[in-house]
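compute the structure for the input listed below.
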Amino acid sequence: MPISSAPQTTADQSLNELDTSDFFEGSPIATLVINADHVVTHFNRACAMLLGVPASQVIGKAGLGRIFYDVERPVMADLIVDGAMEDILSDFYQNRYRGSLVIPDAYEAEGFFPKLGANGRWLFFTAAPLRNAKGTVVGAIETLQDITERKIVDSALMEAQIEVEAIVEQRTKQLAELNVVLKEDVGRREKAEQELLKRNAELNTLNEKLSMAQEHLVQSEKLASIGQLAAGVAHEINNPIGYIFSNYGMLEKYLISLFDMLTLYEQAEHACSNADLSQALQRKREELEVDFLKQDIPELMKESKEGIVRVRKIVQDLKDFSHVESKPEWQLSNFNQGIDSTLNVVNNEIKYKADIIKEYGDIPDFQCILSQINQVVMNLVVNAAHAMGTERGKIYIRTGCDNENAWLEVEDTGSGIPKDVVPRIFDPFYTTKPVGKGTGLGLSLSYGIVQKHRGHIEVHTELGRGTTFRVTLPLRQDTLTPTPSGSLP
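Next up, the predicted model:
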């Protein structure tokens, strides 16, 4: 796909200071950079894979619009460089854009691009200005994310909602007609009662189907959330970590053997009868700082091992959180440990918006389906992060218990919830987020999970001050036979 060439300018020299080489190329987020002349200076591998265009055909050239639209048209980064965002942004992106909540003068938008891929793609993209030390705009950076799967899930959820409403409307109409028949013909009461029993059985069957549909919606919501929170993490990360960890252990053994051999060489050096050779060995040992290396290498190996262990822990927490049991079991579970595991999974969604402050109480293991409780914690914490404004906020997570119940509080310093909205926040498919940003199922599903555990959930909010959700759960489910276990499922 041809892109018009443009000469290099002094703007390139300013942007060279921003080059992060391997870090930029290794980023899983598709990213590109243009200078003040609209010439592409950076185009990482993720961007090339997403757009299907090699970096060699783009870097050093202008006219990015041809990649997306197959015609000459500025992209968002071009508008930022020209300072034309305020004037023509609405013409290009209609109502599918907004200013960034994090970076001044930055914008984000989404759109469908039929020229990308086999069937077209939905992209979410952000663009921000790049300034030099004097504050002059010398270029712009733009990131791209493929949200096609999320759009498909949103569409499926909407179709499921319409289908459920149609079924409920149909059944309601049938019941209304049945009631009319019962009132008009008292003499046929017995037959009508039999018909009513039949209809009741159909409604029970329908209720079971609706329950199954709700379970599918729970898993769809979880998978959609996990997809957003784990963007850029390769699905086979466990394999390379496994053999890196294994090779690391062998490397430690080899280094120990080499150090032992080096010690013998040092001892043999003093017994060497050749004075010139002995002095040459001593100079070489001092030049290579062998004594320092023998101390520093074990420390480096130790720190590297800690890093590998941390990566394995993050991946394991993600696997534990997203695990879907075919037959969920009630178990004695550690509430605080489950919260920590969930926070580790959603860390990327929160760390740029708020600080987490933990105030855990001493809670005994209690009966619950921990994977479902983790889902409640995730929904409450992520909603708290989304409630933050442009300034960084705080999220307090408190736990405690009394003789009969355990409780969890998630308090944020965000914008709060309007009083007229509070009665509807637990309704299915109700959301205050922009279109495409939420399904409206998070709090509804959380409410259902808490009810299933014979608990209750409360909310206290104040506009401009923040919101507090309090979840109370019984320590014992008297009607259940738990599987004793003190560990996470």
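
quick one: the strands in the stretch 51-200 of the chain?
Remark: strands assigned in the stretch 51-200 of the chain by DSSP state E, counting those that start in this stretch are 97-99, 107-113, 121-131, 137-146.

nearest to Lys191, of those?
strand 121-131 (55.2 Å; Cβ to Cβ). All C-beta spots, glycine's among them, are computed from the backbone N, C-alpha and C.

other SSEs contacting the closest one?
Strand 121-131 sits against helix 76-82, strand 107-113, strand 137-146, helix 148-184, with contacts defined as 3 or more Cβ pairs under 8 Å, 6 or more residues apart in numbering; DSSP states H and E.

dump those into CSV; add distance to Glu208 as well.
Below are the helices and strands packed on strand 121-131 laid out as CSV (distance: least, Cβ to Cβ, whole Å):
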stretch, distance to Glu208
helix 76-82, 49
strand 107-113, 38
strand 137-146, 37
helix 148-184, 13
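
quick one: which of the strands of the stretch 51-200 of the chain is nearest Glu409?
strand 97-99 (31.0 Å).

dump the helices and strands packed on strand 121-131 into CSV; add mean pLDDT, distance to Ser56 and mean neighbour count as well.
Formatted as CSV, the helices and strands packed on strand 121-131 follow (pLDDT from 0 to 100; distance: least, Cβ to Cβ, whole Å; neighbours: other Cβ atoms under 10 Å):
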stretch, mean pLDDT, distance to Ser56, mean neighbour count
helix 76-82, 86, 20, 22
strand 107-113, 85, 22, 18
strand 137-146, 91, 19, 21
helix 148-184, 85, 26, 13
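
follow-up on the earlier one: wait, which of the strands of the stretch 51-200 of the chain is closest to Asn204?
That would be strand 121-131 among the strands of the stretch 51-200 of the chain, by Cβ to Cβ, at 40.0 Å.

so which bits of that closest one are buried?
121-130 (16 or more other Cβ atoms under 10 Å).

closest to Gln295 out of the helices and strands packed on strand 121-131?
So among these, strand 137-146 is nearest, using Cβ to Cβ, at 42.1 Å.

partner strands of the closest one and their direction?
Strand pairing for strand 137-146, determined by DSSP bridges: strand 30-35 (antiparallel), strand 121-131 (antiparallel).

what segments of the stretch 351-489 of the chain are helices?
Along the stretch 351-489 of the chain, the stretches classed as helices by DSSP state H, counting those that start in this stretch are 370-386, 442-452.

TSV for those, including distance to Pro28?
Converted to TSV, the helices of the stretch 351-489 of the chain look like this (distance: least, Cβ to Cβ, whole Å):
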stretch	distance to Pro28
helix 370-386	21
helix 442-452	25
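
a markdown table for the strands paired with strand 137-146, including distance to Ile425?
Listed next are the strands paired with strand 137-146 as a markdown table, based on distance: least, Cβ to Cβ, whole Å:
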| stretch | distance to Ile425 |
| --- | --- |
| strand 30-35 | 35 |
| strand 121-131 | 25 |
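
need these in TSV with distance to Leu258 and mean pLDDT, can you?
What follows is the strands paired with strand 137-146, written out as TSV (distance: least, Cβ to Cβ, whole Å; pLDDT from 0 to 100):
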stretch	distance to Leu258	mean pLDDT
strand 30-35	41	91
strand 121-131	47	90
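
closest to Leu157 out of the ones you listed?
strand 121-131 (15.4 Å).

nearest to Arg424, out of the strands paired with strand 137-146?
For the strands paired with strand 137-146, proximity to Arg424 was assessed by Cβ to Cβ; strand 121-131 is nearest, at 27.2 Å.

relative to helix 148-184, how tilted is the closest one?
Counting by axes from the mean of the first three to the mean of the last three Cα atoms, to 10 degrees, strand 121-131 points 130 degrees away from the direction of helix 148-184.

run through the strands of the stretch 351-489 of the chain in chain order.
354-359, 366-368, 393-401, 405-412, 456-462, 466-474.

so which of these is the most surrounded?
Burial of these is given as mean neighbour count (mean count of other Cβ atoms under 10 Å); strand 366-368 ranks first at a mean of 23.

what residues does it touch?
330-333, 335, 401, 406, 453, 473-477, 480, 482 (Cβ atoms under 8 Å, 6 or more residues apart in numbering).

looking at these, which has the smallest pLDDT value?
Lowest pLDDT within those is found at Pro482 (45).

tell me which of the strands of the stretch 51-200 of the chain lies nearest to Lys294.
strand 137-146 (44.4 Å).

so the closest one versus strand 107-113, what angle?
Calculated by the same axes, to 10 degrees, strand 137-146 forms an angle of 50 degrees with strand 107-113.

pick out the shakiest of the strands of the stretch 351-489 of the chain, pLDDT-wise.
Sorting these by mean pLDDT places strand 366-368 lowest, at a mean of 84.

mind checking which helix or strand of this protein has the lowest mean pLDDT?
None of the helices or strands of the chain scores lower by mean pLDDT, DSSP states H and E than helix 10-16, at a mean of 56.

save the helices of the stretch 351-489 of the chain as JSON lines, and put in mean neighbour count and distance to Lys305 too.
Formatted as JSON lines, the helices of the stretch 351-489 of the chain follow (neighbours: other Cβ atoms under 10 Å; distance: least, Cβ to Cβ, whole Å):
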{"stretch": "helix 370-386", "mean neighbour count": "23", "distance to Lys305": "29"}
{"stretch": "helix 442-452", "mean neighbour count": "20", "distance to Lys305": "38"}
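
ok, of those, where does mean pLDDT dip lowest?
helix 442-452 (a mean of 82).

and it, how far out from the chain's middle?
Between the centre of helix 442-452 and the centre of its chain there are 21 Å (Cα atoms, centre = their mean, to the nearest Å).

and the angle from it to strand 456-462?
In terms of direction (the same axes, to 10 degrees), helix 442-452 departs from strand 456-462 by 140 degrees.

closest to Ala48 out of the strands of the stretch 51-200 of the chain?
So among those, strand 137-146 is nearest, using Cβ to Cβ, at 11.1 Å.

quick check: the residue nearest to Val181 when sequence neighbours are not counted vs Asn347, distance?
Of all residues not flanking Val181 in the chain, Ala192 sits nearest, at 6.1 Å (Cβ to Cβ, 6 or more residues apart in numbering). Distance of Ala192 to Asn347, computed by Cβ to Cβ, to the nearest Å: 60 Å.

rewinding a little: dump the buried residues of strand 121-131 into a markdown table; add distance to Leu79 as well.
Putting the buried residues of strand 121-131 into a markdown table (distance: Cβ to Cβ, whole Å) gives the following:
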| residue | distance to Leu79 |
| --- | --- |
| Arg121 | 21 |
| Trp122 | 20 |
| Leu123 | 16 |
| Phe124 | 17 |
| Phe125 | 12 |
| Thr126 | 13 |
| Ala127 | 8 |
| Ala128 | 12 |
| Pro129 | 10 |
| Leu130 | 14 |
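
my read: Glu359 touches Lys394, true?
No: the criterion here is Cβ atoms under 8 Å, and Glu359 misses it with Lys394 at 11.8 Å.
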